[in-house]
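>>> sequence and computational prediction follow.
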Amino acid sequence: MGWVDELPHVLWAFRTQKKTSNLETPFSLMYGIEAMIPAEIGVPFARTLSVIENEEELRLNLNLLEERRELALFREHNYKRQLKKYYDSRVQVCKLYAGDFVFRNNEASGQEPSGKLAPTWEVPYRVKEVLSKGAYKLEKLDGIEVPRT
């Protein structure tokens with residue numbers, strides 16, 4: 001059995017953990033309240049008693065669920081915008097021009113057999129033409145254009 005037995009526990013942990021991006025749990029966004037573990041239901045905690053006894057509060061939470069989801073969506077967009085800003089501030093753009101020498105990744109072209117001891121890069125190529133948005137036409141050093149670049 002192994003990992004199959006652990007799957008419900010992993011799913012429970014994922015669904016009840018607050019996400020960094022929106023500060024909400026998937027469970028609470030689905031059902032409108034925070035999940036309770038079975039041990040909480042059996043023991044009379046203040047939170048357990050208030051949720052179980054107060055039907056009106058549960059209905060109100062369901063009515064406000066759409067607003068809560070929209071707020072979580074807003075937070076998630078804001079979080080992603082901050083991540084993009086952080087990434088963009090640290091990325092270094094490398095511009096190539098016609099005539100520059102480059103290496104091509106062997107995995108992308110599949111020219112050489114791949115494996116643990118296979119070469120990572122192919123022989124140097126020359127940039128023949130700069131197309132757009134990081135696309136280039138390459139040629140071998142003897143002037144023969146390389147297909148599919």
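Received the coordinates, thanks.

>>> may I ask which helix or strand of the chain has the lowest mean pLDDT?
In the chain, no helix or strand scores lower on mean pLDDT, DSSP states H and E than helix 46-53, which sits at a mean of 62.

>>> if you count contacts, what does the biggest helix by length in the chain end up packed against?
If you go by DSSP state H, the chain has its longest helix at helix 65-90. Counting contacts by 3 or more Cβ pairs under 8 Å, 6 or more residues apart in numbering; DSSP states H and E, helix 65-90 is packed against helix 26-31. In this view, the C-beta of every residue, glycine as well, is placed from N, C-alpha and C.

>>> run through who's touching the helix it packs on.
With contact meaning Cβ atoms under 8 Å, 6 or more residues apart in numbering, helix 26-31 is reached by Phe14, Arg15, Thr16, Lys19, Asn22, Glu34, Ala35, Leu65, Arg68, Arg69, Ala72.

>>> whichever of those end up buried, select them in ChimeraX.
Buried residues among the contacts of helix 26-31 (16 or more other Cβ atoms under 10 Å), as a ChimeraX selection:
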select :22,65,69,72
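
>>> report how many residues lie close to Pro147.
8 (other Cβ atoms under 10 Å).

>>> what about it, distance to Glu24?
For Pro147, the distance to Glu24 equals 50 Å [Cβ to Cβ, to the nearest Å].

>>> likewise Glu57?
Counting by Cβ to Cβ, the gap from Glu57 to Glu24 is 18 Å.
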